[in-house]
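Colleague: Just need the structure, nothing else, for what follows:
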Amino acid sequence: MKITKYGHCCMLVEEKGLRILIDPGSLTESKQPTENIDVVLITHEHADHFHVPSLKAILADSPQAKIYTIKSVGDLLEKEGTKFSLLTHGQSATEGEVLIEAFGEKHAVMHSDVPVSDNTGFFIAERFFFPGDAFVDPGKRPEILALPVAGPWLKLSEAIDYAKSLKPDVCFPVHDGVTVEFMRPALSVMMPERLLKMHGIRVLPAKEGEMMEF
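Modeller: Coordinates of the predicted model:
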């Protein structure tokens with residue numbers, strides 16, 4: 001499996017000839033790839049994960065791409081006249097030889113006065129899990145975890161405890177586009193690395209645009 005992070009939460013997962021793009025959002029509009037995309041997965045409707053102009057650019061260059069997402073995003077896609085397939089909690093789909101499973105139903109709470117939106121994480125090929133904007137327990141151990149480390153809905157200590165609870169072999173930071181760039185390595189890599197290595201979990205820096213192979 002090959003994974004390339006394009007910033008914040010946008011990732012390209014390449015597995016068994018399939019190219020899967022996850023959460024092309026507003027914070028990564030100029031960076032995310034648009035060509036030869038087979039599948040697009042969208043965890044929820046917030047702009048940093050779901051950005052209509054980015055999606056249109058992807059579909060223009062990859063008209064064969066199939067979109068899988070949840071109902072709240074689907075409602076917005078219908079207004080744009082964009083085809084999609086629902087993939088919600090407890091459901092799965094197989095594209096080529098790759099199994100894609102959906103886990104989780106709700107976004108993490110940002111504040112008691114902010115309505116909780118929907119959110120579903122995706123487990124790919126029985127190896128890689130990205131929970132979206134929630135600390136979702138998929139009920140099985142991922143080998144590779146995309147670990148959210150910053151945002152209005154989490155503390156870094158919670159992210160570290162989440163990784164400890166899932167016990168992946170390796171994780172890398174995501175949802176860090178909201179942090180100040182010069183502080184990003186210390187916040188998203190150094191502390192998780194120091195605290196998780198004692199639990200046998202490797203932390204990779206996931207440099208933007210640099211492919212990681214597992």
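Colleague: continuing past the least confident helix or strand in the chain by mean pLDDT, what's the next helix or strand?
Modeller: Lowest by mean pLDDT, DSSP states H and E among the helices and strands of the chain is helix 184-185, with a mean of 70. Once helix 184-185 ends, the next helix or strand along the chain (criterion: DSSP states H and E) is helix 191-196.
Colleague: Who are the packing partners of that following helix?
Modeller: Using 3 or more Cβ pairs under 8 Å, 6 or more residues apart in numbering; DSSP states H and E, the elements in contact with helix 191-196 are helix 156-166, strand 170-174, strand 202-203. No exception for glycine: its C-beta is placed from N, CA and C like everyone else's.
Colleague: Tell me how many other residues surround the closest residue in space to residue 51 that isn't next to it in sequence.
Modeller: For residue 51, ignoring the flanking residues on the chain, the nearest one in space by Cβ to Cβ, 6 or more residues apart in numbering is residue 26 at 4.4 Å. By other Cβ atoms under 10 Å, the residues close to residue 26 number 16.
Colleague: Model confidence score at residue 26, please.
Modeller: As predicted, residue 26 sits at a pLDDT of 94.
Colleague: same deal with residue 148?
Modeller: Per-residue confidence (pLDDT) for residue 148: 97.
Colleague: Need the pLDDT of residue 186.
Modeller: Predicted confidence (pLDDT) at residue 186: the value is 66.
Colleague: Then residue 179?
Modeller: Per-residue confidence at residue 179 stands at 72 (pLDDT).
Colleague: Isn't it up against residue 173?
Modeller: No. Under the criterion of Cβ atoms under 8 Å, residue 179 makes no contact with residue 173, lying 9.5 Å away.
Colleague: related to what we said a few turns ago, please produce TSV containing the helices and strands packed on helix 191-196, extended by mean pLDDT, distance to residue 124 and mean neighbour count.
Modeller: What follows is the helices and strands packed on helix 191-196, written out as TSV (pLDDT from 0 to 100; distance: least, Cβ to Cβ, whole Å; neighbours: other Cβ atoms under 10 Å):
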stretch	mean pLDDT	distance to residue 124	mean neighbour count
helix 156-166	97	15	17
strand 170-174	97	14	24
strand 202-203	96	19	19
